[in-house]
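>>> Need the 3D shape of this:
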Amino acid sequence: MCITTGNNTCDAMAKLHLCGNIIPQIWHKTIVSEKTGKADLIAINILADIAYWYRPAEERDELTGETVGYHPKFAADILQRSYDDLAEHFGISKGQAKCAVIRLEQLGVVRRVFRKISVGGISIPNVLFLALNVDRLRELTYRHRFRSQPLPQTACVLCRVHGCAPLFPPTPFGRHWGVRRSSRPE
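Next up, the predicted model:
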């Protein structure tokens, strides 16, 4: 099928199959920095990447080419990504990646899960996995259909050091989960 729009550039773009991360425009309004009120581009990009990994991959019949099913793009029950992976992928620091994931967790769209895994008989503790809350993602993406809940305005120590001031609830112990008061930027 040949698409003709009357614009050579648009016609050329119709022939490209672009895939990967998708960023709905509304996220620039619903995922914002508490500090500036502007779009939190790092958190938005990380969320788009997480959402990409959770979109199912098609399984096709080799002979007919018909879709026969779908499967996850990752092996575990939830997505395994490290702060280092995110930092490398997006060209940011590990601290910026960690702060952005914490902000996404505070928004309720992502949940950090730390697990112990075994690789080649070696036990590795505190491996980061990211669970996606699709209902909350839907609320952030289709804001006009949902009523937003106000969020607490507390920043974690680590994020204050990095200057990204995310929302982060205090724990019953008066500090934030996984962040010591003497934490230094990574």
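>>> so residue 82 touches residue 128, yeah?
Yes: using C-beta atoms under 8 Å, residue 82 is in contact with residue 128, at 5.5 Å. Quick note: C-beta positions are derived from backbone N, CA and C, even for glycine.
>>> Those two: which is more packed in?
residue 128 (18 against 15; other C-beta atoms under 10 Å).
>>> I'd assumed the more buried one was in a helix, is it?
No: using DSSP: H, G, I helix; E, B strand; the rest coil, the assignment for residue 128 is strand, not a helix.
>>> Go ahead and name everything in contact with the helix or strand that residue 53 is a member of.
Secondary structure assignment for residue 53, by DSSP states H and E: helix 41-54. The contact list for helix 41-54, computed with C-beta atoms under 8 Å, 6 or more residues apart in numbering, reads 20-23, 27-28, 31, 72-74, 79, 81, 86, 89-90, 92, 96-97, 99-101, 103-104, 109-110, 130, 132, 134, 137, 164.
>>> In PyMOL, how would I select the buried members of those residues?
Listed next is the PyMOL selection for buried residues among these, using 16 or more other C-beta atoms under 10 Å:
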select buried, resi 23+27+31+79+81+86+90+92+96+97+99+100+101+103+104+109+110+130+132+137+164
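>>> Counting only strands, which of the contacts of helix 41-54 make the cut?
Among the contacts of helix 41-54, the members found in strands (DSSP state E) are 79, 110, 130, 132.
>>> Right, I'll leave it there.
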